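Enquirer: what's the 3D shape of this:
(chains A and B)
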Amino acid sequence: MKKNVKTNDVIFQTATKVVVFIIIIYSLHLFFSGHYTPGGGFIGGLMTSSAFVLLLLAFDIKTVVNTLQLDYIKLTAVGLLIAVLTGIGSFAFNVPFLTHTFSYVELPFLGETALATAVLFDLGVYLVVIGVTMTIIQTIGETE
Amino acid sequence: MTLLHVAILSPFLLAIFIPFLYKFFRQVHTGWFVLVLPILLFIYFVQFIEDSMHGHNIRQTVEWIPSLGINFTAYIDGLGLLFALLISGIGALVVLYSIYYLSKDKEQLNTFYVYLLMFMGAMLGVVLSDNLIVLYTFWEFTSLSSFLLIGYWYKREKSRYGAQKSMIITIFGGLLMLGGFIMLYIMTNTFSIREIISQVPQITDHQLFVPALILVLFGAFTKSAQFPFYIWLPDAMEAPTPVSAYLHSATMVKAGIYLVARFSPVFAGTPEWFWIVSLFGIFTMFWGSFNAVKQTDLKGILAFSTVSQLGMIMSMFGIGSAALVLDSIDNSYYTVATLAAIFHLINHATFKGSLFMVVGIIDHETGTRDIRKLGGLMSLMPITFTISIIGAFSMAGLPPFNGFLSKEMFFTSMIRVLEMDVFNVETIGLLFPIFAWIGSIFTFIYSMVLVFKTFTGKYQPEKLKKKPHEAPIGMLISPIILASLVIIFFFFPNILAYTIIEPAMASVIPALLGDEGHFHVHISPWHGFTVELFMTIGVVALGILGYLSLTKWRSVYGLFPEKLTLNKGYNAALEQLDKSSFRLTRFYMTGFIRDYLAYIFTFFILILGTSLVLTDGFSFSLADTAPVGIYEAVLAIVMVIGTITVLFSKSRLTAIIALGSVGYSLSLFFVLFRAPDLALTQLCVETVSVALFLLCFYHLPEFKKKEKKLHFKLTNLIISLGVGTIVTLIALSANSQRVSETISTYFVENSYKLAGGKNMVNVILVDFRGFDTLFEITVLGIAALGIFSMIRLQVRKGEEG
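Expert: The predicted model follows:
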């Protein structure tokens, strides 16, 4: 990121390329397992963001922006929208705003799985956290 | 949700589709799509006349926030129906007129019709809601849409000024009114107007009764442009003329009158109500008509004339309220004021609506509204001339137009004030007929000015921007319909009397309803040679004299010093407010984050410290604490070392890394105390924030430490020690005493049972405390947008400069 520093960081960059995927997959795991074991949208989002931050550190900001092609502000908006819509969805069933429900279903390969509307809400949280962190970091990082 | 609710909300629903209709059907004027709705609504509301004539009032409730007693209760009685018909009827005519008035190529029609529909829906909501909070919500919606419509041509400075002025004044009144509503709630424990009315006998002696009355009247007076709040209405004339015709003469400004009428069953019968409403009304009537004569802008004349007519209706409602406490053999002897008020309300909508449309036509066809430039248009625009003669003569109170009937009744009710023997009327009661008479003379004069200065006299084509000719037929339809109503209502006033006026009176003064359950109203133009007739003849004679000698006595208006006018006062107050708040802000907003942090922490210490001392909250016991092991001790030492390093480090990099070590040790603490979620979160947060710090670090100026003064360092030392002490004390006390059972038991028991999750922390976040999380992520989003725009805008400025 610092333009005057021209260091040779081949090892760092190569390692990053692998590690980033591991982190992201782990963050997704954290996100999905949040209802039963430690994790959830907030931590998952932060973990994904830290993967992106790692990318930012290893490569310069322009490469990352070009590779990921994400509009983080829109991501934030989409996340908020999902969260609010999940809340509004309760109206369709004539229950107060943000009432959640859950059930257990038998899915192929996965076996008995719990499906909770809370996960949808959590998805909103997840997206907002990524969006916000990355918006802030990217805006500050780009002003050079 | 019943059909009635859908009808009330339908304008809002249609407003959603307007931008799309505008976008995809550019070749069709968007107004045509809008026009359908008010026509349908009008037909729909006409069906209710049958019910309300027989005293069947319709009430339908949709629960909104039942726990707070706030429900969307739609209520149709005579009064509400009268207004609903006015809103939809005049609305249809105005929309039709606007199709020809606003060019589909030049104007932003989508925004215009969205605002207009918003207004229509809000206004229907105001007049058909029984719940005070719902009424208030719609009420503010009308202020908001009026603001947007006045500022429709937002590039003009005057439009923006007028829009802001109307907003400030009407919202100010609206908030006071809300205060009044809450007082009513405190007294009666209900927000329903029906239920409040049923409890009136119990609350009249309540100490909040009179304050509530005054606050509600503030709302009514600001909205209906009564003295001294009328100053916003002339400036509101910057709105497009269809808007002025609709909002600022026929409907919105009558919301205040509606409020007075609606609350008459609650407050009427008290001397405060009688005196405030009647006196402000009658003075406004005089003041508005007096000022209308000096205007040179046609819309200015109409604006002041509207102020004056609203005052007239207001005063009649005030005087009508006295009927409740008067004994008379004939029930209708004193209720004539209320009858006249309702009748004039309808008449005013017809003739003033048509006059506004005529003025719009003149403006449209000649390019000016200045009566000094206009003249001699009679032969060029014969139809427009005829319509304006009808409107203006009706306004002046001449036969054979409906204004004559209601003005006669107005005089009748003013004269009957003299016979009242309540509320100490004998003291200044004589003022009422005198003010009414003088006001009517001025009304006559400006009505004549409006017609004859425009249509007769010398034709001055060189002063006009366009070559005037008669308006297109589409533009004339609406004013022609209104003008025909003006005449029809004169000859057949009793069509209205049985269908609309009687039920409306029943809702304003229900206490005086006879055994048959409805009033007997019969309106007739001829009563013989009565005092009223002589008053009218006097008005005409003096009015003609005044009009002819206008140039001679015009200088009267110069006598009143410009500096003392209400407008000057308003502007000065606004400017002062601006300046002083700027000064106040400058005083504490230094622009340094360290100062703000110092404020925050100082308050933190003061508030928490004081409450700790006052409640004697401190206690210390080691009863339930876990033993301190080797890991905890090591971590604590690492954290202390990290913190001290931050303080004494010579470079920022060291400070950031040291701070990071503190954070990571904290997450290890979470691990030790078996809080994996917190530990994970803390780790991620720490990582991301160290990265952020490093990014910001690049932009910061060089790190200087030395030149800080001693007292700055001392202040910081005291604040930081204070915060540390307070937090430690609170933490110790919190752990040493349990006031109540810990809340975690509830979550432990229920998180799996109710929410189907085993991870309690997450279940709390997304389910039990989902609302908190929703708002937290909203705040996060706002913060991100804030940072984004601050930094981006700064960059752009740099690029330009």
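Enquirer: Return the set of buried residues in stretch B:548-558.
Expert: B:Leu550 (16 or more other C-beta atoms under 10 Å in any protein chain shown). Heads up, the C-betas are built off the backbone N, CA and C, glycines and all.
Enquirer: cool, and stretch B:145-155?
Expert: Quick answer for stretch B:145-155 (16+ other C-beta under 10 Å): B:Ser145, B:Ser146, B:Phe147, B:Leu148, B:Leu149, B:Ile150, B:Gly151, B:Tyr152.
Enquirer: Keep only these that also lie close to chain A.
Expert: When contact is defined as C-beta under 8 Å from any C-beta of the partner chain, those do not meet chain A at all.
Enquirer: So which of those are in helices?
Expert: B:Ser145, B:Ser146, B:Phe147, B:Leu148, B:Leu149, B:Ile150 (DSSP state H).
Enquirer: Let me know the distance separating the second one from chain A.
Expert: Same thing as B:Ser146. 30 Å (C-beta to the nearest C-beta, to the nearest Å).
Enquirer: The fourth one now?
Expert: Spatial separation of B:Leu148 from chain A under the definition C-beta to the nearest C-beta is 25 Å.
Enquirer: pLDDT weak spots in chain A?
Expert: In the predicted model, chain A carries pLDDT under 70 at residues A:1-7, A:109-112, A:143-144.
Enquirer: Okay, helices next: where are they in it?
Expert: A:10-33, A:41-58, A:61-68, A:72-92, A:117-142.
Enquirer: What of the stretch 551-700 of chain B?
Expert: According to DSSP state H, counting those that start in this stretch, the stretch 551-700 of chain B carries its helices in the segments B:556-559, B:566-588, B:593-614, B:630-648, B:652-672, B:676-697.
Enquirer: how about the helices of chain A in TSV, adding distance to B:Ser555 and mean neighbour count?
Expert: What follows is the helices of chain A, written out as TSV (distance: least, C-beta to C-beta, whole Å; neighbours: other C-beta atoms under 10 Å in any protein chain shown):
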stretch	distance to B:Ser555	mean neighbour count
helix A:10-33	81	15
helix A:41-58	75	24
helix A:61-68	73	13
helix A:72-92	63	18
helix A:117-142	65	24
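Enquirer: Make JSON lines out of those helices and add distance to chain B.
Expert: Supplementary listing: those in JSON lines, determined by distance: least, C-beta to the nearest C-beta, whole Å:
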{"stretch": "helix A:10-33", "distance to chain B": "7"}
{"stretch": "helix A:41-58", "distance to chain B": "4"}
{"stretch": "helix A:61-68", "distance to chain B": "9"}
{"stretch": "helix A:72-92", "distance to chain B": "5"}
{"stretch": "helix A:117-142", "distance to chain B": "4"}
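Enquirer: What about B:Arg156, how many residues nearby?
Expert: 12 (other C-beta atoms under 10 Å in any protein chain shown).
Enquirer: phi, psi of it?
Expert: Dihedral angles of B:Arg156 (phi, psi; degrees, to the nearest 10) stand at phi -90, psi 130.
Enquirer: For it, list the residues it contacts.
Expert: B:Glu238 (C-beta atoms under 8 Å, 6 or more residues apart in numbering or on different chains).
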